[in-house]
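Novice: Give me a model of this one.
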Amino acid sequence: MENDRFTDDDPLTYTAEDYFSQLTSIDQDDLHPEFHTYATVWIRSNFPVVYKRLAKSFRRNEAEIYAHAQTPVQGELF
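Specialist: The predicted model follows:
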C-alpha cells in the first residue's frame, strides 16, 4: 500500500540536514559521477514507490539544498 504522507517515524523521510551530512561521503565511493544517474534509473525502475517518495522528499528540501549551494563565502564578497 502506497503512503504519500511523511511522518517523523517514516524511514524514507530525509531532511536537507541529512543530505548535507552525507554529501561529502559520496567522494569516498570512488565511482564515476554517472553512477548516480544509473542508481536513479535503477531505483525508479525497480522501486517506483520509493522513487516517487524520494522525489517528493527532494522537492520539499530543494530550495534549502539550492540555497546552501549558493551561500557565498565571506571572502568572496570582496
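
Novice: tell me which residues in the longest helix that the chain contains are buried?
Specialist: Longest helix in the chain, counting residues (DSSP state H): helix 48-70. Neighbour counts over helix 48-70 (16 or more other Cβ atoms under 10 Å) mark 51, 53, 54, 57, 61 as buried. C-beta coordinates here come from the backbone N, C-alpha and C atoms, glycine included.

Novice: now the worst-scoring helix or strand of the chain on mean pLDDT and helix 48-70, what's the angle there?
Specialist: One helix or strand of the chain scores below all others by mean pLDDT, DSSP states H and E: helix 16-23, with a mean of 86. Using axes from the mean of the first three to the mean of the last three Cα atoms, to 10 degrees, the direction of helix 16-23 lies 80 degrees away from that of helix 48-70.

Novice: Who are the packing partners of the helix or strand following helix 16-23?
Specialist: Next along the chain after helix 16-23, taking DSSP states H and E as the criterion, comes helix 34-46. Here helix 34-46 touches helix 48-70, going by 3 or more Cβ pairs under 8 Å, 6 or more residues apart in numbering; DSSP states H and E.
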